[in-house]
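# Show me the folded form of this:
(2 chains)
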Protein chains: 2
Amino acid sequence: MCIVGGTGALGFGLALRLGRAGVPVVIGSRDQGRAEEAARHAAEQLPGAAFSGFQNEAAVREADIIILSVPFRNQAENLANLHKALSDGQLLADATVPLAAAFGGKATRTLGVWQGSAAQQAREMTPDGVRVVSAFHTVNARTLSDLDHVLDEDVLICGDSREDKAQLAELIERIDGLRPVDCGPLEMARIVEQLTALIISINARHKARAGIKITGL
Amino acid sequence: MCIVGGTGALGFGLALRLGRAGVPVVIGSRDQGRAEEAARHAAEQLPGAAFSGFQNEAAVREADIIILSVPFRNQAENLANLHKALSDGQLLADATVPLAAAFGGKATRTLGVWQGSAAQQAREMTPDGVRVVSAFHTVNARTLSDLDHVLDEDVLICGDSREDKAQLAELIERIDGLRPVDCGPLEMARIVEQLTALIISINARHKARAGIKITGL
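Numbering: from 1, shown residues only, chains lettered A, B, ... in the order given. Next comes the predicted model:
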């Protein structure tokens, strides 16, 4: 699997957790050098794990699952650049959040995306054979990166195919303390993406690193 | 305290839980007879508790806290009718959710409200001295009404004044198993109101009665 934007805070945190779970992780970045550096940095923390670093287009080529973890203002550019590198059957898990902070607004507010959500924009911008799901909007980058922190929260997944969501869920379940929850079709990403802004608001008020758990399942 | 729309599923569930906690509850309805009937029905289940039933305008007059629990398509009408009955210093907790189902759409989708959220519409439509907060969007009506069910979830509160939110939080804390969480200013209701639609989608997929809990607080 591969993380596009794996040098960013969320991407790197996911890389560490997946690497520790025994998943070989390819860290992608716009810059080959930075990708290699992040892979080295991850390997130093987890000597037994398998990390490698490549420029994004090269990083995605062999991946079964690709997590897209980039700031909203770079999402469209990244997807355009990846268009030729992606191939039929790959699963793209979009983690993009259209925070108003992307363009100087508040991190507790979001932008309207014409397609409904960043995930739906991702679906529009990827080749037809690539399957798109949405996830990872409520997990905290710093909590993930702090490997001593015991996780106990949910990852909300949206997508139009149960099989696609199940494939991502299987990957998520390898991380101790994360439970995948199927939230319905990809259009529900309109709501789930907003939760990042809500959590940022809660964190500011409670000096916390909040996450979300669905009760009653 | 008083629940406008206390004969509805969510309102009645909240009435039962608050009544059991020892809070005297005034159940309001458009129809005096239906309000009285709901109060009788509640008292049958909880003989020690204090329930009364009144037509909405009469119900709110003596209330310190008013929970507005009506379908979105009736919210504006209810607020217009209550305008003269509400008075300075009262706290109105809006629980309205602008589900698309209000006008024949899906319950997993929401309507755009010009003011940003139903709660912000409530603030616009109430007299100046009335304080407006937003809450109760993620609690399940049937779970509340089933008094044997042990609750263990959060109530997300939005509002522009910490004191107002603290006053509502105190009421919520009287119900066993409900934890109030301050989510920030009233505008965050734009996001929290959407959670009802998300939970309906989760419930449909998992045959559950889901709620939400914020982790890491």
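
# Residue A:79 - that's part of a strand, no?
No: under DSSP: H, G, I helix; E, B strand; the rest coil, residue A:79 sits outside any strand and is assigned helix.

# got a list of what the closest residue to it other than its chain neighbours touches?
With Cβ to Cβ, 6 or more residues apart in numbering or on different chains as the criterion, residue A:79 has its nearest non-adjacent residue at 4.0 Å, and that residue is residue A:125. All C-beta spots, glycine's among them, are computed from the backbone N, C-alpha and C. Contacts here follow Cβ atoms under 8 Å, 6 or more residues apart in numbering or on different chains; on that basis residue A:125 touches A:76, A:79-80, A:83.

# Could I get the pLDDT score of residue A:125?
pLDDT recorded at residue A:125 is 98.

# was I right about residue A:21 contacting residue A:174?
Yes: taking Cβ atoms under 8 Å as the definition, residue A:21 is a contact partner of residue A:174 at 4.1 Å.

# Which one's more surrounded, the two?
Higher neighbour count among residue A:21 and residue A:174: residue A:21, with 16 against 13, using other Cβ atoms under 10 Å in any protein chain shown.

# Identify the residues contacting that one.
Contacts of residue A:21 (Cβ under 8 Å, 6+ apart): A:174-176.

# Note down every partner strand of the biggest strand by length in chain A and its orientation.
Determined from DSSP state E, the single longest strand within chain A is strand A:153-159. Applying DSSP bridges, strand A:153-159 is found paired with strand A:131-134 (antiparallel), strand A:178-182 (parallel).

# contacting residues around that strand?
A:119, A:131-139, A:165, A:168-169, A:172, A:177-189, A:192, A:195, A:211-214, B:215-216.

# With just CA atoms, put it into CSV.
The C-alpha trace of strand A:153-159 is given here as CSV (Å, rounded to 0.1, in the frame of the first residue of the first chain):
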residue,chain,number,x,y,z
GLU,A,153,-11.6,5.0,18.2
ASP,A,154,-13.4,4.6,14.9
VAL,A,155,-12.5,5.3,11.3
LEU,A,156,-15.6,6.3,9.4
ILE,A,157,-15.6,4.9,5.8
CYS,A,158,-17.8,6.1,3.0
GLY,A,159,-18.0,4.5,-0.4
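
# State the next helix or strand along the chain beyond it.
helix A:162-173 (DSSP states H and E).

# residue ranges of the helices in chain A, please?
A:9-20, A:32-45, A:56-60, A:72-82, A:118-125, A:141-145, A:162-173, A:189-192, A:194-206 (DSSP state H).

# most tightly surrounded among those helices?
Most buried of the helices of chain A by mean neighbour count (mean count of other Cβ atoms under 10 Å in any protein chain shown) is helix A:189-192; its value is a mean of 28.

# I'd like the average pLDDT over that helix.
Mean predicted confidence for helix A:189-192 is 98.

# where does chain A come near chain B, residue by residue?
A:108-110, A:140, A:143, A:152-153, A:181-185, A:187-188, A:190-192, A:194-195, A:197-199, A:201-202, A:204-206, A:208-217 (Cβ under 8 Å from any Cβ of the partner chain).

# distance of the residue nearest to the spatial centre of chain A from chain B?
With distances taken as Cα atoms, centre = their mean, the residue of chain A nearest its centroid is residue A:95 (3.7 Å). Between residue A:95 and chain B the computed distance is 17 Å (Cβ to the nearest Cβ, to the nearest Å).

# Turn the contacts of residue A:125 into CSV, columns for distance to residue B:54 and pLDDT.
Formatted as CSV, those follow (distance: Cβ to Cβ, whole Å; pLDDT from 0 to 100):
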residue, distance to residue B:54, pLDDT
A:76, 56, 97
A:79, 57, 97
A:80, 61, 97
A:83, 63, 96
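
# Quick check: of those residues, which lies closest to residue B:26?
Minimum distance to residue B:26 across the contacts of residue A:125 is 53.3 Å, recorded for residue A:76 (Cβ to Cβ).

# got the contact list for the closest one?
Neighbour list for residue A:76: A:121, A:125 [criterion: Cβ under 8 Å, 6+ apart].

# can you tell me how far it sits from chain B?
Distance, residue A:76 to chain B, by Cβ to the nearest Cβ: 23 Å.

# do residue A:70 as well
Remark: distance between residue A:70 and chain B (Cβ to the nearest Cβ) = 22 Å.

# OK, contacts around that residue?
A:4-5, A:8, A:11, A:78, A:96.

# Could you pull up the residues touching the nearest residue to residue A:136 once chain neighbours are set aside?
For residue A:136, ignoring the flanking residues on the chain, the nearest one in space by Cβ to Cβ, 6+ apart is residue A:95 at 4.0 Å. Going by Cβ under 8 Å, 6+ apart, residue A:95 touches A:10-11, A:67-69, A:134-137.

# Please apply the same query to residue A:210.
A:140, A:199, A:202-203, B:214-217.

# and of these, the nearest to residue A:30?
Of all the contacts of residue A:210, residue A:140 has the smallest distance to residue A:30: 24.1 Å, by Cβ to Cβ.

# Contact partners for that closest one?
A:13, A:199, A:209-211, B:216.

# how does it look with 6 Å?
Residue A:140 sits next to residue A:209 when contact means Cβ atoms under 6 Å, 6 or more residues apart in numbering or on different chains.

# Residue A:91 is in contact with residue A:68, correct?
No: using Cβ atoms under 6 Å, residue A:68 makes no contact with residue A:91, being 10.9 Å away.

# quick one, which of those two is more surrounded?
Neighbour totals were compared for residue A:68 and residue A:91, and residue A:68 leads with 29 against 22 (other Cβ under 10 Å).

# Identify the bridge partners of that one.
residue A:4, residue A:94.

# show me what contacts it?
Shown in contact with residue A:68 (Cβ under 6 Å, 6+ apart): A:4, A:92, A:94.

# how close does the first one sit to residue B:145?
Okay, so that is residue A:4. Distance from residue A:4 to residue B:145, counting by Cβ to Cβ, to the nearest Å: 47 Å.

# Many thanks, I have nothing further to ask.
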